[in-house]
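K.L.:
The amino acid sequence is not available; the structure is as follows:
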């Protein structure tokens, strides 16, 4: 299908807008750990059933150790390390500010590739600079997070900003590591994007549950069930995030690898803040204003510039 990767990438941005908003509401009501744990446990069985229905098997039985290892490492980086910070950030600074900071993840992809010996061009570096300038403008324009939750302390705000940055780096690392998992390994066929998503999610469930139990929070997600509003939001977030968004992002990643347009695909996925602006304004009165709109446009435009210039 022509433009399948590009269309899927835009759908990913829409899914992440809905998911981020829903999980922000759930995290504010029940806590970030409870919402994150619920997300993983609710998503894995749904993904297994979906894989069984569409692919005839819940697990990639023919996947090699190398393919499964890359998929597991992708899940560890993107769905565990990155999301620990991201869910804390959603609860403390709200979905709009989180989405603007997270837009830097494609620039992080460039940085990871540079660390692997693929140095970026001057145009790419300029695009990264524009992205960072846009993020700084949004950070300086006002306290969106105060409208989201007036109880947030300056220390919690700082930790929330750090968490969103960790989410950006984790998303980038997970995106890079997922590529080799969906490529043929010798005689072994490629792992399908949906199966790759199952492996990533299963890894995240095992690791996150182990961490929660080690800290005495093995059943933290009970808080989600205790709050009806949190439960509805978490179910909506699971449908559009780990199931819809993560799966579609793997489809987009696979299609982009085939067409050679990985940069364009990443840039389209990074347009979430553009969709988030009217949602945040409607949900909790976050003002858009010229300053915020300019910063968001610069952040998205800078990502598009640096990726298309690669």
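P.N.:
Perfect, thanks for sending it. As the structure is a computational prediction, the values presented were derived from the model and not from experiment.

K.L.:
how near is the residue lying farthest from the centre of the chain to residue 62?
P.N.:
The outermost residue of the chain, judged against the average C-alpha position, is residue 187 (32.0 Å), by Cα atoms, centre = their mean. Distance, residue 187 to residue 62, by Cβ to Cβ, to the nearest Å: 10 Å. Where you see a C-beta, it was placed from the backbone N, CA and C, and this is true even at glycine.

K.L.:
can you check residue 34 too?
P.N.:
Plainly put, residue 34 is 37 Å away from residue 62 if you go by Cβ to Cβ.

K.L.:
out of these two, which sits in the more crowded spot?
P.N.:
residue 34 (26 against 13; other Cβ atoms under 10 Å).

K.L.:
mind listing what that one touches?
P.N.:
Residue 34 makes contact with 27, 220, 221, 222, 223, 224, 230, according to Cβ atoms under 8 Å, 6 or more residues apart in numbering.

K.L.:
from those residues, which is closest to residue 195?
P.N.:
Of all the contacts of residue 34, residue 195 sits closest to residue 221, with 25.5 Å by Cβ to Cβ.

K.L.:
what about the closest one, distance to residue 109?
P.N.:
Applying Cβ to Cβ to residue 221 and residue 109 gives a distance of 31 Å.

K.L.:
just checking, residue 29 touches residue 229?
P.N.:
Yes. Contact criterion Cβ atoms under 8 Å: residue 29 and residue 229 qualify, at 5.8 Å.

K.L.:
Just the contacts of residue 34: which are in helices?
P.N.:
Per DSSP state H, helices hold the following members of the contacts of residue 34: 27, 222, 223, 224, 230.

K.L.:
Now, of the residues you listed, which are buried?
P.N.:
Buried members of those, scored by 16 or more other Cβ atoms under 10 Å, are 27, 223, 224, 230.

K.L.:
wait, which of these is closest to residue 148?
P.N.:
Nearest to residue 148 among these, with distances taken as Cβ to Cβ, is residue 27, at 10.8 Å.

K.L.:
where's the residue found closest to residue 91 once you drop the neighbours it is linked to in the chain relative to residue 94, distance?
P.N.:
Of all residues beyond its chain neighbours, the one nearest residue 91 is residue 27 (3.7 Å), with distances taken as Cβ to Cβ, 6 or more residues apart in numbering. According to Cβ to Cβ, residue 27 and residue 94 sit 10 Å apart.
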